[in-house]
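**Q** Would you be able to build a 3D model of this:
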Amino acid sequence: MRDFIASSVQRLRPSGIRKYFDIAATMEDVITLGIGEPDCSTPEHITAKGIESLAAGRTAYTSNSGLYELRAAISDYIALLYGVHYAPDNQILVTVGVSEALFLALRAVCDPLDEVLVVEPCFVSNAAAVEMAGGIPVMVPTRPENDFQITGADLKARITPRTKAILLSYPNNPTGAILTRAQMLEVAQVAEEYDLLVISDEIYERLVYGVTHINFASLPGMLERTILLSGMSKSYAMTGWRIGYACAPAPIMDAMRKLHQYLIMSAPTAGQYAAVEALLHGEDDVERMRQNYDQRRRLIVDGFNHLGLTCFEPRGAFYAFPSVAATGMTDEQFCEALLREERVAVVPGSAFGESGRGHVRASYTNSYANIEAALERMARFAQRHGFYHAAAPALAFGD
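**A** As a prediction, the model looks like this:
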């Protein structure tokens with residue numbers, strides 16, 4: 001019998017994250033710094049609105065575009081924060097998380113063999129999403145000496161006549177990097193000069209520390225060139241509710257909505273009612289979570305640097321991205337040995353693109369106490385392998 005699996009699917013690389021989660025699942029007493037998911041439950045008042053919608057029998061499909069009430073709330077939210085105006089009627093689409101929004105955006109604009117510049121390190125699905133949409137991902141590496149920010153020169157060096165779009169993800173998963181206004185303006189200049197679209201995934205927009213997030217569409221001339229992606233998962237601890245959204249110029253949104261109609265119909269109804277509550281009354285929750293993450297961020301970054309695992313300061317999202325060069329191990333060797341010897345799970349940077357090689361991603365969504373315990377275990381690991389020699393590592397992380 002012939003092989004029925006499509007060659008395009010066979011070519012997709014499996015997620016580099018899964019291997020370590022699968023190993024960790026067979027072990028006890030593992031401290032996981034691998035999963036990019038808030039450790040807190042969805043705030044009670046938001047959950048209550050979802051339950052209320054179920055109890056009231058609001059369980060049918062919504063409009064393909066999503067509840068008008070939610071689209072209006074999204075429009076007001078973006079206008080209030082960034083001064084950018086999207087019309088709820090024809091420029092906003094509610095999706096099943098940002099994952100669907102990203103696929104729709106790429107599929108709506110990519111013809112076969114169109115190239116998309118994908119800034120890396122990046123989330124494991126970004127390049128795959130371009131391929132699934134029929135395009136060709138062209139990876140554009142960033143470097144720790146530039147705080148993992150992309151430059152206009154980096155982009156220009158990889159532009160060809162087939163280049164259609166630039167895919168950005170800032171604040172960044174896995175590095176925690178943000179993009180300064182100056183660097184954003186460089187990207188915008190490239191987009192205008194070469195007539196490119198920018199797909200800007202800003203799902204971590206509210207989780208920034210000591211800086212102000214800049215919405216890419218708010219830059220001069222970029223509203224008509226930007227597909228903005230965001231959602232409820234990270235800022236409101238609503239990962240399982242699966243509510244994301246896309247905002248774009250009406251012609252592009254028409255194409256995305258057409259795909260969404262055939263693929264999904266509408267995003268989960270209860271999740272949409274909960275999302276309205278989050279946007280209207282969840283600001284205190286966002287700030288409380290952001291402050292908690294900020295405390296953990298400082299702990300884990302200081303801890304890594306103390307161990308000799310050089311870590312630049314992440315200013316967004318909830319990840320640290322230290323180098324493991326001092327250990328003499330590859331990032332994959334480090335992750336596997338740390339998991340087996342000390343039961344601490346982190347993810348190799350190479351899972352997020354070639355420019356992540358030699359680093360590991362550690363999420364600081366786990367509790368402060370668990371991060372302290374993980375750093376103490378890592379200190380034992382470091383002493384055992386000869387790249388850390390402090391006499392009392394535990395005290396350093398408790399101060």
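
**Q** Could you pull out the helices in the stretch 151-300 of the chain for me?
**A** Per DSSP state H, counting those that start in this stretch, the stretch 151-300 of the chain carries helices over the ranges 152-156, 181-193, 250-263, 269-281, 283-306.

**Q** Which one of those helices lies nearest to C40?
**A** helix 283-306 (6.7 Å; Cβ to Cβ). For glycine as for every other residue, the C-beta is placed from the backbone atoms N, C-alpha and C.

**Q** who wins for proximity to P174 among the helices of the stretch 151-300 of the chain?
**A** Using Cβ to Cβ, the nearest of the helices of the stretch 151-300 of the chain to P174 is helix 283-306, at 13.5 Å.

**Q** how many neighbours does the closest residue to I136 other than its chain neighbours have?
**A** Leaving aside its sequence neighbours, I136 sits nearest to E115 (Cβ to Cβ, 6 or more residues apart in numbering; 4.9 Å). Other residues within reach of E115, judged by other Cβ atoms under 10 Å, total 19.

**Q** ok so, going back, for the helices of the stretch 151-300 of the chain, give me CSV that also has distance to A320.
**A** Listed next are the helices of the stretch 151-300 of the chain as CSV, based on distance: least, Cβ to Cβ, whole Å:
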stretch, distance to A320
helix 152-156, 23
helix 181-193, 21
helix 250-263, 34
helix 269-281, 27
helix 283-306, 5
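
**Q** any idea which of those is most buried?
**A** Mean neighbours per residue, mean count of other Cβ atoms under 10 Å, is largest over the helices of the stretch 151-300 of the chain for helix 269-281, with a mean of 22.

**Q** coming back round to it: between the helices of the stretch 151-300 of the chain, which gets nearest to F4?
**A** helix 250-263 (21.9 Å).

**Q** Can you name every helix or strand that the closest one contacts?
**A** strand 92-95, helix 97-109, strand 244-247 (3 or more Cβ pairs under 8 Å, 6 or more residues apart in numbering; DSSP states H and E).

**Q** Let me know which of the ones you listed is the nearest to P348.
**A** helix 97-109 (21.7 Å).

**Q** For the residue nearest to I136, name its beta-bridge partners.
**A** Note on E115: beta-bridge partners I136, T163, judged by DSSP bridges.

**Q** just the one 4 residues further on next, same as before
**A** Bridge pairing for V119 (DSSP bridges) gives the partners V140.

**Q** Could you count how many residues lie near it?
**A** 26.

**Q** ditto for Q10
**A** Neighbours of Q10 (other Cβ under 10 Å): 8.

**Q** Right, I'll call it a day here.
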